[in-house]
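Engineer: Sequence below, structure please.
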Amino acid sequence: MPNYPAHIDPKKLPKNVRYDARGRGRWIYRDRKLRKEIRLGGAELTLADIWQAVERIQAGGATTFKSLSLAFQKSPIWTGLARSTQRDYQLCHKAIAEKKTRAGVPLGSVPLEAWTVGAVRRYRDERAKVTKSRAKKELAYLRRLFAWAVEYEYLPTNPAAAVSTKGMAKPRTHYVQDDDYRTLLIHAPLNVALMAHLALLTGRRRQDIVKIRRSDLELEGIYFAESKTDKAALVQWTDELHQLAKLCEQEAGDSLWLFPAQHPGCHYSLPALSSAWGKTMRAIKAAGFERFQFKDLRAKHASDLEDAGGDATENLLHSGRSVTKRHYLRKPKKVVSLR
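Structural biologist: Numbering: from 1, shown residues only. From the prediction side, this is the model:
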């Protein structure tokens, strides 16, 4: 008979469960249909943990990271996420599932019970050696995934909740200077320059700029339904914004999109914008100015708005001030001299 942990009554164990006392100890379930043994977890598992794990296996539920992640991607919560978030989470899923342990086993095949706080921390540290920014995003996905797993009783606790991202990828701090921005408008193709100026005036993201329809130009302003947050905003007309919208309409011809693609019936795509933006940035760098990213225009909008006495948190539809301050207010704080 194996030397069972003191907190377990062997008579109350599910059928086909055994304890392997070697090393630190582990609980194993014998799946007779699949003719294989499945590791349930370490010696610390409680009787309730063991029963829940066996019930999940017998019900055909998720038992590994990969199966759990795929189950999450079929859930109602997943369908409510923005497409950009879904795409990024799928990249996280692929990176984590294909990463191999020291024994050569893909993490996608590792049982859920093996995902301890230490295992998540080790993954974060190893991934950060390659790229800190992706390590931070993949840790965020693990937190989200395991929180869902706890809610739906795949796991008793969230092993990623206690793992910190402090000291990893820092927020972007570049502020677009006016000279750099004016140089962009000179070197960019007309449609890209129009999109950039519209992004600066409104503070909207590029994925929302390219999808503006003529019907979004309303009597009071431009209507935006944010693809990332599902929040709606009506950017009220100013003289400059109204003139810019009229110019965009003229350039769009008879298209229902404000920024049409060459292919009829389609809006200008993000890959096309990225390609045109890259060429424009190389041109302004060759002219002696500093290149920047399209998303930096949103930060310039926030920073310049606050300088003018406006409220960037309200304009960007942030739920809290901390997000605005951490990611979008990039101008140095003005202080006074001693004398």
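Engineer: P271 and V210, how far apart?
Structural biologist: 11 Å (Cβ to Cβ, to the nearest Å). Any C-beta I mention is one placed from the backbone N, CA and C, and that applies to glycine too.
Engineer: Compare those two (neighbour count), which wins?
Structural biologist: Neighbours of P271 and V210, each counted by other Cβ atoms under 10 Å, are more numerous for V210; the result is 20 against 8.
Engineer: for that one, what are its contacts?
Structural biologist: By Cβ atoms under 8 Å, 6 or more residues apart in numbering, V210 lies in contact with M195, F259, H267, Y268, S269, L270, L273.
Engineer: try 10 Å
Structural biologist: Shown in contact with V210 (Cβ atoms under 10 Å, 6 or more residues apart in numbering): 191, 195, 257-261, 267-270, 272-273.
Engineer: tell me which element A135 is part of?
Structural biologist: Assessed by DSSP states H and E, A135 sits inside helix 132-151.
Engineer: which one is I38 nearest to, not counting chain neighbours?
Structural biologist: Using Cβ to Cβ, 6 or more residues apart in numbering and skipping residues adjacent in sequence, the residue nearest I38 is Y29, 4.8 Å away.
Engineer: go on, Q52?
Structural biologist: Counting by Cβ to Cβ, 6+ apart, the residue nearest Q52 is E153, at 6.7 Å.
Engineer: if I've got this straight, that neighbour is in a helix?
Structural biologist: No. Counting by DSSP: H, G, I helix; E, B strand; the rest coil, E153 is not found in a helix; it is coil.
Engineer: To what extent is it buried, counted in neighbours?
Structural biologist: Count around E153 with other Cβ under 10 Å applied: 11.
Engineer: how is this structure carved up into domains?
Structural biologist: 10-58, 65-151, 178-327 (automatic domain parsing).
Engineer: closest to T165 out of those?
Structural biologist: Nearest of the domains of the chain to T165, taken as Cβ to Cβ: domain 65-151 at 4.9 Å.
Engineer: dump the residue contacts of W115.
Structural biologist: W115 makes contacts with 41, 64-65, 68, 107, 123, 142, 145-146, 149, 155, 158-160, as judged by Cβ under 10 Å, 6+ apart.
Engineer: Dump these into a markdown table; add distance to T202 and pLDDT as well.
Structural biologist: A markdown table is the format used below for the contacts of W115 (distance: Cβ to Cβ, whole Å; pLDDT from 0 to 100):
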| residue | distance to T202 | pLDDT |
| --- | --- | --- |
| G41 | 51 | 79 |
| T64 | 45 | 87 |
| F65 | 40 | 92 |
| L68 | 40 | 91 |
| L107 | 42 | 92 |
| Y123 | 39 | 94 |
| L142 | 35 | 96 |
| L145 | 34 | 95 |
| F146 | 37 | 95 |
| A149 | 39 | 89 |
| L155 | 42 | 84 |
| N158 | 38 | 94 |
| P159 | 41 | 94 |
| A160 | 36 | 94 |
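Engineer: ok, so of those residues, who is nearest G221?
Structural biologist: Closest to G221, out of all of the contacts of W115 and judged by Cβ to Cβ, is L145, at 38.9 Å.
Engineer: about what we covered before: for the helix holding A135, buried residues please.
Structural biologist: If you call a residue buried by 16 or more other Cβ atoms under 10 Å, then helix 132-151 has these buried ones: 132, 134-139, 141-146, 148-149.
Engineer: now for it, which elements pack on it?
Structural biologist: helix 65-72, helix 76-79, helix 83-98, helix 117-128 (3 or more Cβ pairs under 10 Å, 6 or more residues apart in numbering; DSSP states H and E).
Engineer: Which of these has the highest mean neighbour count?
Structural biologist: helix 65-72 (a mean of 20; mean count of other Cβ atoms under 10 Å).
Engineer: And the contacts of that one?
Structural biologist: When contacts are defined by Cβ under 10 Å, 6+ apart, helix 65-72 is touched by residues 56, 60-62, 64, 78, 89-90, 92-94, 96-99, 106-112, 114-115, 141-142, 144-146, 148-149, 152, 154-155.
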